[in-house]
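Colleague: Return atomic coordinates for the entry below.
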Amino acid sequence: MTDRQQTFQEVLAVHKVRHFNPTQQRVARLLVEGYSAAYIAERVGKSRQYVSKTVKELEDVGLIQRHPATPKHNVLWEPSAKLKELLTENFPDTELTSCRVHNIKLSYPILHQSGPVSLAKDAGYLRSWKPRGPARHIFCFPGKNGRPDVSLKVHPKTIEGYMDAKQVVMAETISEATAIIHTAIHEAVQKFIEKQRRRGVYLDLGELRETGKQSTQTHYGFPFPATAPYAETFSSIPGAVVDGSPQDLGMAGYSEVEFFGDPRFPNQLDRAIKSVAAFPAVLQPALADALQPITQQLNQIQIQQEQNQALQEQVASLTNLVGTLLKKLESMSGMVPVGSYPAPPPQQQTPHNEPEPLLPQYQ
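Modeller: Residues are numbered from 1 along each chain as shown. A predicted model of the protein is given here:
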């Protein structure tokens, strides 16, 4: 029995995807992740017309179709299994970062306030609490076009904004994920100010109105199988903390190695951990042997840190160590990609004070 002959549309679909430029690849992958065209345009730095053209090309060859449950003003698309297959076959190296960026809190000083803030539900108000002194309030704003949900803590002289817990921002790089979170917080603050203005309350945040000031250390988390032979190696990295956070995000059997503050080492480790997690079981004993001298180097760096070695020298040592690890990994074959956070399902309309799409939270 011979294989079914491909239709002209199927041949055209294969040809079109194979000739996508890097930006079109990103557009297609973000469509697969369930994001709207408006959000994708902003994410890839192109016009709505550019993204709409790529969407139309994919629709014409049957690789995507309009999601029936989405409104006209914020259309989402259902990718076909064939589109996912073509992207995997033709662009296997185009991957999202495996890093979970979180614990970003931005503060905005209130320079002037015309009166008490409105606690109307349709202004985003959630609840209040009263420590010593004036009451504090929490306002919640759902993410729009793929951005995370944001909560604002309104103090007498400060507004603090942060991404709600149990959310994963999907991005190609750590810096892109960080920028998405910052933008979501800024937009929530602007929305809060506008909703208060409509109710006769005017707030002046001065020069920090558009940027805020980060009051926390950013956390960079990387998932890996908890029983992997290299788990001990991750635990030995100076300044790292290993916990079970991924299990709260739906990744049973995984742990997370987490770093704080400085993004330089997490950026380099991003590629290393993806490569390590990609090794099939048959090669893991060899991988453990290859990592043995690296573990010894990590222990030496730990000793240097305890002796108050300069931070710059510590970072240089860790950077060289990652380079050594990558060389060892690249000398071994049979890699298959595993060990990244699950992509969020397509967004749907969810009532939350006002009709805006929510980025699903991982329970």
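Colleague: What's the separation between residue 141 and residue 175?
Modeller: As for residue 141, its distance to residue 175 is 24 Å (criterion: CB to CB, to the nearest Å). (Glycine included, C-beta is placed from N, CA and C.)
Colleague: Give the residue from those two that has the larger number of neighbours.
Modeller: residue 141 (26 against 13; other CB atoms under 10 Å).
Colleague: My read is that that one contacts residue 190, right?
Modeller: No - using CB atoms under 8 Å as the test, residue 141 is too far from residue 190 to be in contact (9.8 Å).
Colleague: Is residue 241 bridged to anything, and to what?
Modeller: residue 258 (DSSP bridges).
Colleague: how far away is it from residue 264?
Modeller: Computed as CB to CB, the residue 241 to residue 264 distance reads 18 Å.
Colleague: Tell me which of the two has more neighbours.
Modeller: residue 241 (15 against 12).
Colleague: The more buried one and residue 220, how far apart?
Modeller: 11 Å.
Colleague: shared neighbours of these two, which are they?
Modeller: Both residue 241 and residue 220 are contacted by 258, 260, under the criterion CB atoms under 8 Å, 6 or more residues apart in numbering.
Colleague: do you know how far the residue nearest to residue 67 when sequence neighbours are not counted is from residue 168?
Modeller: Distance criterion CB to CB, 6 or more residues apart in numbering; nearest residue to residue 67, sequence neighbours excluded, is residue 76 at 4.3 Å. Using CB to CB, residue 76 is found at 18 Å from residue 168.
Colleague: what's the neighbour count on residue 201?
Modeller: Look at residue 201: counted by other CB under 10 Å, it has 16 neighbours.
Colleague: likewise the one 10 residues further on?
Modeller: By the measure other CB under 10 Å, the count of residues near residue 211 is 13.
Colleague: a helix runs through it, doesn't it?
Modeller: No - counting by DSSP: H, G, I helix; E, B strand; the rest coil, residue 211 is not found in a helix; it is coil.
Colleague: which ones are touching it?
Modeller: Counting by CB under 8 Å, 6+ apart, residue 211 touches 106, 186.
Colleague: can you give me the mean pLDDT across stretch 46-64?
Modeller: What stretch 46-64 shows for mean pLDDT is 89.
Colleague: ok, and what's touching that stretch?
Modeller: Residues from elsewhere that reach stretch 46-64 (CB under 8 Å, 6+ apart): 9-10, 12-13, 16-17, 23-24, 27-28, 31, 37-38, 40-41, 44, 65-66, 77-80, 82-83, 86.
Colleague: and with 6 Å instead?
Modeller: Residues outside stretch 46-64 that contact it (CB atoms under 6 Å, 6 or more residues apart in numbering) are 9, 12-13, 16, 24, 27, 37, 40-41, 77, 79-80, 83.
Colleague: of those residues, buried ones?
Modeller: Neighbour counting over those (16 or more other CB atoms under 10 Å) leaves 13, 16, 24, 27, 37, 40, 41, 77, 79, 80, 83 as the buried ones.
Colleague: secondary structure element for the second one?
Modeller: Secondary structure here is read from DSSP states H and E; on that basis residue 16 sits in helix 8-18.
Colleague: Following the chain past that helix, name the next helix or strand.
Modeller: Per DSSP H and E, the first helix or strand lying C-terminal to helix 8-18 is helix 22-32.
Colleague: which strands and helices sit next to the helix or strand just after that following helix?
Modeller: For helix 22-32, the succeeding helix or strand toward the C-terminus, using DSSP H and E, is helix 37-44. The contact analysis (3 or more CB pairs under 6 Å, 6 or more residues apart in numbering; DSSP states H and E) places helix 37-44 against helix 22-32, helix 48-60.
Colleague: okay, the ones you listed in a markdown table with distance to residue 113 next?
Modeller: Formatted as a markdown table, the helices and strands packed on helix 37-44 follow (distance: least, CB to CB, whole Å):
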| stretch | distance to residue 113 |
| --- | --- |
| helix 22-32 | 39 |
| helix 48-60 | 37 |
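Colleague: quick one on the thing from earlier: and the average pLDDT for the helix holding residue 16 is what?
Modeller: The average pLDDT for helix 8-18 rounds to 83.
Colleague: what residue ranges in the stretch 201-350 of the chain score low on pLDDT?
Modeller: Within the stretch 201-350 of the chain, the segments meeting pLDDT under 70 span 229-235, 272-350.
Colleague: Kindly report the same for the stretch 51-200 of the chain.
Modeller: 69-74, 92-95, 145-146.
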